[in-house]
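Student: Need coordinates for the below:
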Amino acid sequence: MFSITNEQIKHFGSINENKFIDSLFLELSELEVKSKDKLKPFIICCIYDCEEYEILNERDVEQFVYLRLRFGDDFPNSNTFDWALKILNHTDIDGTEKIEQLNDYITFIIEA
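Tutor: Residues are numbered from 1 along each chain as shown. Prediction:
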């Protein structure tokens with residue numbers, strides 16, 4: 001029987017994270033939303049913020065990146081986005097629900 005050590009699990013996780021970053025980098029590079037030299041640090045910063053808000057699913061992290069691109073680098077950490085912080089700081093809902101609530105707020109309140 002084979003067993004995988006914790007170190008191997010961490011290594012596999014970092015490989016997947018790097019693939020995710022590279023994939024998102026290519027996608028965003030084509031959109032020319034930021035200069036290429038600032039894009040990877042921007043994505044990594046978003047990933048760290050997502051971890052803080054317990055947004056762990058790749059699709060949800062990608063959505064968070066697009067929200068930050070839309071609203072600016074200070075999203076959600078300025079008084080302008082207190083509505084977003086309320087949603088993100090909920091401890092009784094998961095990351096997917098947080099992203100859904102953010103998108104609902106934008107659709108039904110901001111864009112209404």
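Student: can we go C-alpha only for contacts and neighbour counts from here?
Tutor: Will do.
Student: Which is the succeeding secondary structure element to the helix or strand that contains residue 23?
Tutor: Secondary structure assigned from DSSP states H and E places residue 23 in helix 6-31. Tracing the chain past helix 6-31, the next element assigned as helix or strand by DSSP H and E is helix 36-52.
Student: now the chain, which segments are flagged as low pLDDT?
Tutor: Along the chain, the parts satisfying pLDDT under 70 run over 1-13.
Student: how about residue 54, secondary structure?
Tutor: Each residue gets one of three states, and residue 54 gets coil by DSSP: H, G, I helix; E, B strand; the rest coil.
Student: ok now do it, which residues does it touch?
Tutor: Going by Cα atoms under 8 Å, 6 or more residues apart in numbering, residue 54 touches 94-95.
Student: From residue 31, how far off is it?
Tutor: When distance is defined by Cα to Cα, to the nearest Å, residue 54 is 27 Å away from residue 31.
Student: Spit out the contact partners of the residue nearest the centre of the chain.
Tutor: Among the residues of the chain, the one closest to the centroid is residue 61, at 2.9 Å (Cα atoms, centre = their mean). Neighbouring residues of residue 61 by Cα under 8 Å, 6+ apart: 46-47, 50, 55.
Student: Please tabulate those in TSV and include neighbour count and distance to residue 26 as additional columns.
Tutor: Written out in TSV, the entries for the contacts of residue 61 read as follows (neighbours: other Cα atoms under 10 Å; distance: Cα to Cα, whole Å):
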residue	neighbour count	distance to residue 26
46	20	16
47	21	16
50	20	20
55	22	22
